[in-house]
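# Please work out how this folds:
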Amino acid sequence: MERPSLEFNLPDTQEEGKLYVVDSLNNLNKLNVCPAESQCSLDEEENTGGTGANVARSNTRIKYLFFVTFILTLIVSLALVSFVIFLIFQTRNEVDQISSRLLSEKKNIEELKKLNNIILRHLNQSRIKE
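A predicted model of the protein is given here:
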């Protein structure tokens, strides 16, 4: 029922030995506090050196990558929209050209019908005379 204390009486050792013992105790405490190794390993990588400089650098890097990704997305979107607008204008020009051709062909067909009617009348009159 008693909880073991995390405080230990360290014997007189050299400074390196003390640091090694403290690091070992910190690692043991991390294992007891957060058993999920993935989160602890991420925290351990971020906190190396004992300062928040790595965390700040990581946050800055994430913000920078987000900003670059956002700018690239905007550029690609702008390029796609420009291409679509270009295609719309090209299609409109093609439709205008086709409609003008159809109108000119319609006029030609009407002229041919008139000529056909004239020829048929002439043939009918020539048959009547014979």
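
# Run a quick neighbour tally on residue 25.
14 (other CB atoms under 10 Å). Where C-beta positions appear, they are placed from N, C-alpha and C, glycine not excepted.

# What of residue 21?
14.

# roughly how far apart are it and residue 29?
12 Å (CB to CB, to the nearest Å).

# so where is this structure shaky, pLDDT-wise?
1-20, 31-53, 129-130 (pLDDT under 70).

# Longest helix of it, counting residues only.
Criterion DSSP state H: the longest helix present in the chain is helix 53-129.

# Which strands or helices does that one pack on?
Helix 53-129 sits against helix 37-46, with contacts defined as 3 or more CB pairs under 8 Å, 6 or more residues apart in numbering; DSSP states H and E.

# Now for residue 25, which secondary structure element holds it?
helix 15-33 (DSSP states H and E).

# For residue 55, grab the count of nearby residues.
Neighbour number of residue 55 under other CB under 10 Å is 12.

# Give me the distance between it and residue 89.
Applying CB to CB to residue 55 and residue 89 gives a distance of 51 Å.

# and what of residue 76?
Counting by CB to CB, the gap from residue 76 to residue 89 is 21 Å.

# Same question for residue 30.
63 Å.

# Just want to know which of these two has more residues nearby.
residue 30 (15 against 10).

# residues touching residue 80, list them.
By CB atoms under 8 Å, 6 or more residues apart in numbering, the contact list for residue 80 is empty.

# Please identify the buried residues of stretch 100-114?
Of the residues in stretch 100-114, none is buried by neighbour count under the rule 16 or more other CB atoms under 10 Å.

# CA atoms only for it, dumped as PDB, please.
Provided in PDB are the C-alpha atoms of stretch 100-114 (Å, rounded to 0.1, in the frame of the first residue of the first chain):
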ATOM      1  CA  SER A 100     -21.100  31.600 -88.800                       C
ATOM      2  CA  ARG A 101     -20.200  28.700 -91.100                       C
ATOM      3  CA  LEU A 102     -23.700  27.200 -90.600                       C
ATOM      4  CA  LEU A 103     -25.300  30.500 -91.500                       C
ATOM      5  CA  SER A 104     -23.200  30.800 -94.600                       C
ATOM      6  CA  GLU A 105     -24.000  27.200 -95.500                       C
ATOM      7  CA  LYS A 106     -27.700  27.900 -94.900                       C
ATOM      8  CA  LYS A 107     -27.600  30.800 -97.400                       C
ATOM      9  CA  ASN A 108     -25.800  28.500 -99.900                       C
ATOM     10  CA  ILE A 109     -28.500  25.800 -99.500                       C
ATOM     11  CA  GLU A 110     -31.300  28.400-100.000                       C
ATOM     12  CA  GLU A 111     -29.600  29.600-103.200                       C
ATOM     13  CA  LEU A 112     -29.200  26.000-104.400                       C
ATOM     14  CA  LYS A 113     -32.900  25.400-103.700                       C
ATOM     15  CA  LYS A 114     -33.800  28.500-105.800                       C
END
